[in-house]
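> have a look at this prediction, sequence included:
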Amino acid sequence: MGSTNHKSIMKGKLMNTMLNQDHLPLWEAISAYRDKGAARLHMPGHKGSAGFPEPLRSAWGTLADFDITELAESDDLYDPVGPLRESQRLLADLYGCAESFYLVNGASVGLIAALLASTQGQSNGGCQKVLLPREAHRSLWHGCVLADLWPVCAEIFVEEESAVALPPSLEALETVLMANPDLKAAVMLHPSFYGLTGDLQPQVALLHEHGIPVIVDEAHGAHMRFLPQPLMDGLQCGADVVIQSPHKTAGSLTQTAWMHSSGGLIDSANLHAALRLLHTSSPSFPLLLSLEAARRQLALEGTQLWSDTMARVARLQLQIARSDKLTTLSGWLPPVLGKRRDPSKMYILTRGAGYSGHKAAELLRSWGVSAELADAGGVLLMFSPGDTDATFEILSETLARLDEYALPAINPLMGLNKWPQLQRLLSPRQAWQSTTKAVSLTQATGRIVAEVIAAYPPGVPLISPGELITDEVVEIITEMLPRIPGGIKETLQIKVVDE
């Protein structure tokens with residue numbers, strides 16, 4: 001391949017890359033090993049399709065033949081010198097960055113690794129401050145436990161009709177920097193779970209002016225540069241490290257992600273070391289192969305596939321616009337945010353139709369449609385090139401039925417998402433490592449929480465270790481109980497610091 005300039009065809013456009021994006025080096029290497037028919041006197045125990053248990057063997061065919069361990073033929077994820085190294089180079093070439101990493105523990109492992117790498121060598125024996133989005137995924141709060149970081153959040157603003165959190169403004173970021181000149185790293189969410197993006201480029205520039213490395217949680221944004229009206233992603237905005245989950249919006253398997261480094265303020269050796277610390281020592285090669293195939297599909301077909309998908313979404317948007325009862329979040333956003341919204345996410349507000357998003361999701365399920373998220377205000381639908389014309393026909397029919405299933409309007413404020421005012425008394429690590437005990441929710445007010453309490457989806461903490469439990473927090477947790485994983489639903493108890 002060398003330095004030959006290759007061009008990937010993308011909806012009539014040509015994308016310049018230095019490497020041949022049609023190449024699948026890992027697939028070719030493992031296929032050659034499979035075809036060789038060697039006696040597999042190594043892990044895994046199923047030894048290929050012959051030992052794969054039913055019903056998996058019948059359902060998954062020869063997938064097990066590609067499920068091998070680290071061999072000379074397959075390479076080593078943590079010290080790649082062969083096909084894995086070349087495969088990751090192709091990914092970095094596609095996104096135009098210095099280095100890319102395959103992840104098989106989800107975006108979570110990349111986010112935690114980036115936190116560790118960005119603050120390594122800066123502790124001076126104390127807890128260091130890091131800027132986190134208030135609606136950050138729970139993995140980032142877990143990363144604060146592991147890296148001994150003190151999270152700082154910008155003031156949160158919400159869209160009034162839906163109570164969906166809006167991206168932070170540049171002014172809010174400036175306020176945080178003035179109050180916390182000792183920040184060691186910053187994490188920005190881009191886009192949010194609801195598909196909202198802020199003005200990231202000047203925010204990254206501002207943070208860099210203060211010498212602060214920037215990590216972008218872009219789990220929902222691997223596709224943004226491939227949209228017919230592209231949205232700037234974290235790398236294009238100048239971030240140091242960007243973590244994406246192609247399993248969410250591209251074609252890779254669940255649990256896969258990838259991480260990009262621009263070669264900026266976060267040391268590459270620290271990233272490698274953090275991944276070796278956190279990643280599984282037995283990475284799944286079917287997962288890695290799916291990452292490679294997703295990269296190739298994005299490079300060769302991404303813009304065309306997303307153009308076709310967005311045309312279908314636009315027709316659906318027109319149908320909802322004709323409704324007197326159903327609306328979408330895009331209609332309530334300020335124009336500048338509407339232009340930066342990811343159109344592959346559609347949050348349908350159902351409250352004007354007389355029922356909550358939970359009721360809407362229940363009706364949709366009964367009619368054969370499963371939504372990504374339901375909350376008090378509406379339902380969130382996620383679209384990708386995997387959604388066919390048949391999918392959109394079914395959805396169009398079910399939304400028409402939903403539009404007819406109207407009841408008198410309910411209290412417009414009742415049960416909406418809530419963002420409580422929180423006070424941090426201990427670092428997440430201090431709270432996690434403290435002696436703890438379980439207390440009843442009814443007796444938790446005034447105690448310091450020692451665990452992450454988060455509703456799924458999207459996995460955003462209602463409260464995190466080290467924060468003070470208030471009556472408001474207890475009320476919100478009680479409302480959200482059906483969506484909170486763990487034993488709290490059954491025990492109605494919460495783990496607190498034993499003071």
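Arrived safely.
> where does residue 273 land in three-state SS?
Following DSSP: H, G, I helix; E, B strand; the rest coil, the label given to residue 273 is helix.
> so how many other residues sit close to it?
15 (other CB atoms under 10 Å). The way it works is simple: take the backbone N, C-alpha and C, and place the C-beta from them, glycine included.
> setting the sequence-adjacent residues aside, check what's closest to it.
residue 117 (7.4 Å; CB to CB, 6 or more residues apart in numbering).
> swap in residue 199?
residue 170 (6.4 Å).
> now do the one you found against residue 242, distance only.
20 Å (CB to CB, to the nearest Å).
> list the buried residues for stretch 261-276?
261, 262, 264, 265, 266, 267, 270, 271, 272, 274, 275 (16 or more other CB atoms under 10 Å).
> one step back: ok, now which ones touch the residue nearest to residue 199?
Residue 170 makes contact with 199, 202, 203, 206, according to CB atoms under 8 Å, 6 or more residues apart in numbering.
> any chance of these in TSV, plus secondary structure, neighbour count and pLDDT?
Shown next, in TSV, are the contacts of residue 170 (DSSP: H, G, I helix; E, B strand; the rest coil; neighbours: other CB atoms under 10 Å; pLDDT from 0 to 100):
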residue	secondary structure	neighbour count	pLDDT
199	coil	17	93
202	helix	13	97
203	helix	24	97
206	helix	16	98
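> for the stretch 351-499 of the chain, which spans come out with low pLDDT?
Scanning the stretch 351-499 of the chain for pLDDT under 70 picks out 406-418.
> that one: helices as residue ranges?
Listed in chain order, the helices found in the stretch 351-499 of the chain under DSSP state H, counting those that start in this stretch are 357-366, 389-404, 428-433, 471-480, 488-491.
> just put these in JSON lines and tack on distance to residue 301.
Shown next, in JSON lines, are these (distance: least, CB to CB, whole Å):
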{"stretch": "helix 357-366", "distance to residue 301": "30"}
{"stretch": "helix 389-404", "distance to residue 301": "17"}
{"stretch": "helix 428-433", "distance to residue 301": "42"}
{"stretch": "helix 471-480", "distance to residue 301": "40"}
{"stretch": "helix 488-491", "distance to residue 301": "43"}
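> residue 22: which of those helices is closest?
With CB to CB, the closest approach to residue 22 among those belongs to helix 389-404: 27.3 Å.
> so which elements touch that closest one?
helix 285-321, helix 357-366 (3 or more CB pairs under 8 Å, 6 or more residues apart in numbering; DSSP states H and E).
> hey, least reliable of those helices by pLDDT?
When the helices and strands packed on helix 389-404 are compared on mean pLDDT, helix 357-366 scores lowest, with a mean of 91.
> give me the helices and strands touching that one, please.
Applying 3+ CB pairs under 8 Å, 6+ apart, we find helix 357-366 packed against strand 373-374, strand 378-382, helix 389-404.
> run the last query once more with 6 Å
When contacts are defined as 3 or more CB pairs under 6 Å, 6 or more residues apart in numbering; DSSP states H and E, helix 357-366 sits against strand 373-374, strand 378-382.
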